[in-house]
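1. A structural model of the following input is requested.
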Amino acid sequence: MLKSKTFVKKTRSGGVMKIVREHYLRDDIWCGSEACTECKQESTVLQTDACMESSLCSYPHYLIPDTNVVLHQIDVLEDAVIRNVIILQTVLQEVRHRSAPVYKRLKDIIHEKEKHFYTFTNEHHRETFIEREPGESANDRNDRAIRVAAKWYSQHLKTSESDTDGLKVVLLTNDQGNKQKAEECGLLYLFTCILVEEYIKSLTANPELVDRLALSNDDKNEITSSKVLFPEHLPLSRIQAGIKSGSFVQGTFRASRDNYLEATVFIQGEGEDGTEILIQGLQNLNRAVHQDVVAVQLLPRNQWVAPSSVVLQDEGAAKDDNVEEEEEEKAVNITARKATGKVVGIIKRNWRPFCGMLNVSQIKESIRHLFTPADRRIPRIRIETRQASTLAGQRIMVSIDGWPKDSRYPNGHFVRSLGGAGEKDIEQEVLLLEHDVPHQAFSQAVLSFLPKMPWAITPEDMVRREDLRHLTVCSVDPPGCTDIDDALHCRELENGNLEVGVHIADVSHFIRPGNALDKEAANRGTTVYLCGKRIDMVPELLSSNLCSLRSNVERLAFSCIWEMNHEAEILKTRFTKSVINSKASLTYAEAQMRIDDTNKNDDITKSLRGLNKLAKILKRQRIEKGALTLSSLEVRFHMDSETHDPIDLQTKELMETNSMVEEFMLLANISVAQKIYDEFQECALLRKHPAPPPSNYDILLKAAKSKDVAIHTDTAKALADSLDVAKVDGFPYFNTLLRILATRCMMQAVYFCSGMDNDFHHYGLASPIYTHFTSPIRRYADIIVHRLLAVAIGADSTYPDLMDKHKQSALCNNLNYRHKMAQYAQRASVAFHTQLFFKSRGILNEEGFVLFVRKNAIIVLIPKFGLEGTVFFDSKDKVAPSIVFDEEIPGVSVPVPDAEPQAKKPKLDH
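-> Numbers count the residues shown, from 1 in each chain. Now for the predicted structure:
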């Protein structure tokens, strides 16, 4: 049966256009119940024995949730207890339009066979489709469609002859109005309509499900105080008008890690550029949560403030704290003031389930408790739970439901428990979840695109490939590395010049564009290296076997080969797909020992010496151009082979061979960047490092000034030169400290599409163009660069998405996000393992350096362990000494009474 709707609309040019919309209705859409004998369905989803122990519904029943139940109670629907659920097409479409994350979670539930969730296409069924009535809103029409579908199911199951006795339909809603309409239309004799909270509370066998209920508006009002603590958020219409007129600006809210009463709002400019507005004080923060998109109103200039020099963590009691206590003294250095504003409305919430710990209420029998998230930028969340005693000491997940204007904290609900706090696997899971690292096992769909074993190179693989198996190629990597991306060779040519080759795993041969394996790798973006664990971007068969350039096996590669003279000047460059057979897989230390051992003179050692000699020249040339040599502390753990606990910890030592490999990787990346940009000026995937704004260098300049050292930051070359000569007698570590601070002044390097930007410069490497080509096993960007290069040299065919600069740009955004999160996850893993290491060590005395000085704390670095921490001047047990804070340096000093002996005068380094 065909329904059509015809209407006319005015076009932009002023003409009239007739639109005909056709909607097909069918009789052969089955109900999905195994109890049904009417429908001619081959397979069924809904069970006959659909029993859930409910005090409200003692009979077997199917659940039909309305849209709001799915949107707000998805945590409940995911629970294994909830089975035999009918998801109507109306609901599915509305959820898709209103929340992409919930839609994805719902689709995942539907695909779980043991959950018995059935999608019923009610909008195309002749008996359940309804037209929208005159004057009826789209929302009311959809509510009515859900009630009509529930009515049809009830009648349909009754007419079915088989043993459906007592099998009923329960419509779940959280809308009292929807329930009333069902009553008014006299539908309740056909099916039961229950409020979702009542239904969940009636599940006698599973009382813990109540904790997972998102709070309804009625519940939210119960928890709040009568006192209004925050200004009202403006409606979206007012916000849009304000943004258009310029009285408001839109940006991303970034909460401070160090001070819970402070945040910045990042206003996106052209490209990667943007400006920041400072927000201070609870009322001005106005219930915004980290990463929300907010509307901000700038305050008058005389109300602008400087960023706070206090480290402040929210340790407020569970009561609604008095907001006025936040007022700091406002005597501010005028030059340090920044554009300051207040949040007037929320454009888009970016809430997700948060990991953390429960702070159990001191009140006995209380079901209301505060939850402290692991991420310090997220406010504490008030939840209701009846299992507080069980959850104490566990890592749990909580979702925010809302933040009323009369509540000091947002309200939320318990999602699930992860396990005991401090347990290694649990803490690892927390940091992966907190940093949004996809770490689930690869699906069967992804694994189905892997090559069948045993795998061997075929004659078809050799077409358009050079056979380089005869070359003395070797790889140099950290110890224990199994995903070997790169290998090198160097040999003398007959004309006296040198041939140098960088051979990179040909991952794009195995991962073809657009299949499930490719999509999964694109989503993951990068391999994440944690202490003692690796979260692969591609399945292990590729990462540690078929793509890994292990020694003495034939492997497919993508080679970049230069002819150079002995002064490391490039005379010729060529790129080719190849087959290699690595003669040795060496560690940095093993390669260094070969180079240094004068008795060794084999082909591999000669090759390494040639590479090392050229690398030193290349590095010198780079530094002369203004490339920066910065510093960041990296530590390596030695793990116990049985318990996998850290038993020793040391900072990583860099050898000449580290630098040797790095130089040729940089050279290959620059050569490939130039080639793909020459061929594809609109869609080359490149990497840039923007120059930092001058204000970023404040911490570096102040630190240098405190020791009367001058640092010049006009250009990268000026910075590099002044860092080279920055030395203080009797303080050998000073230069390294400055380089660590300089690293923190830098901007993030980012991927971008050449057709969407015109600033390609890489500040840190002092290179006009750069990309990533050398690590395709662990970075998806490199796979795209391989595909572009393959098309450029005629070794592979192109595909539409590769040449679409908008899709390329969207991909770059995801890759930049994944790389940033992977970095943070790696740091968090090192921090956790460092804590594990010290757990049984007692008190140690080590040399530490003051990195930053705040008004009430110092941030100290202990180089031996790469450890950085905050030391507060006051604590709960002792009162802070009388301290004078100098904002200019910044530094603190402790005035000492004259009567005190001089020997005891504390020495605090500014």
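2. Kindly report the domain assignment for the protein.
-> 2-212, 236-309+336-348, 353-421, 444-691+747-828, 694-746, 845-909 (the TED database).
3. Okay, strands next: where are they in the stretch 151-300 of the chain?
-> 168-173, 192-195, 249-255, 262-268, 274-280, 293-298 (DSSP state E, counting those that start in this stretch).
4. Could you single out the most deeply buried of these?
-> Mean neighbour count (mean count of other C-beta atoms under 10 Å) peaks for strand 168-173 among the strands of the stretch 151-300 of the chain, with a mean of 23. Every C-beta, even on glycine, is put in place using the N, C-alpha and C of the backbone.
5. So what are the sheet partners of that strand and their directions?
-> Partners of strand 168-173 in the sheet, by DSSP bridges, are strand 61-65 (parallel), strand 192-195 (parallel).
6. Run through who's touching the longest one.
-> Contacts with strand 61-65, where a contact means C-beta atoms under 8 Å, 6 or more residues apart in numbering, come from 33, 46, 50, 52, 73, 77, 82, 84-88, 91, 146, 149-150, 153, 167-173, 192, 196.
7. Comparing the strands paired with strand 168-173 by mean pLDDT, which bottoms out?
-> In terms of mean pLDDT, the lowest-scoring of those is strand 192-195 (a mean of 84).
8. how long is stretch 489-502 end to end?
-> 7 Å (C-alpha to C-alpha, to the nearest Å).
9. Make residue 1 into 487 and carry on from there
-> Happy to do that; since the first residue is 487 now, the last one works out to stretch 975-988.
10. next one: that stretch to chain centre, how far?
-> Offset of stretch 975-988 from its chain centre (C-alpha atoms, centre = their mean, to the nearest Å): 43 Å.
11. now that stretch: mean pLDDT?
-> Stretch 975-988 comes out at a mean pLDDT of 94.
12. Buried ones in it, by neighbour count?
-> Going by neighbour count (16 or more other C-beta atoms under 10 Å), the buried part of stretch 975-988 is 975-976, 983-988.
13. and what of stretch 658-665?
-> 658-661, 664-665.
14. hang on, the earlier thing: quick one: which of the buried residues of stretch 975-988 sit in strands?
-> Among the buried residues of stretch 975-988, the ones falling in strands (DSSP state E) are 975-976, 984-988.
15. Tell me which stretches of the stretch 1137-1286 of the chain form helices.
-> Per DSSP state H, counting those that start in this stretch, the stretch 1137-1286 of the chain carries helices over the ranges 1142-1165, 1184-1191, 1202-1210, 1220-1231, 1266-1278.
16. Comparing the ones you listed, which comes out most buried?
-> helix 1266-1278 (a mean of 25).
17. Kindly calculate the angle that that helix makes with helix 1142-1165.
-> 50 degrees (axes from the mean of the first three to the mean of the last three C-alpha atoms, to 10 degrees).
18. Next secondary structure element downstream of helix 1266-1278?
-> helix 1291-1325 (DSSP states H and E).
19. just checking, what packs against the next helix or strand along the chain from that next one?
-> Counting by DSSP H and E, the next helix or strand C-terminal to helix 1291-1325 is strand 1335-1339. Packing partners of strand 1335-1339 (3 or more C-beta pairs under 8 Å, 6 or more residues apart in numbering; DSSP states H and E): helix 1220-1231, strand 1343-1348.
20. ok, His855 touching Ser875?
-> No: using C-beta atoms under 8 Å as the test, His855 is too far from Ser875 to be in contact (10.7 Å).
21. Quick check: neighbours shared by those two?
-> Common neighbours of His855 and Ser875 (criterion: C-beta under 8 Å, 6+ apart): Val846.
22. How many neighbouring residues does the closest residue to Cys517 other than its chain neighbours have?
-> Nearest non-adjacent residue to Cys517, counting by C-beta to C-beta, 6 or more residues apart in numbering: Cys525, 5.3 Å away. Cys525: 14 surrounding residues under other C-beta atoms under 10 Å.
23. Cheers, nothing more for now.
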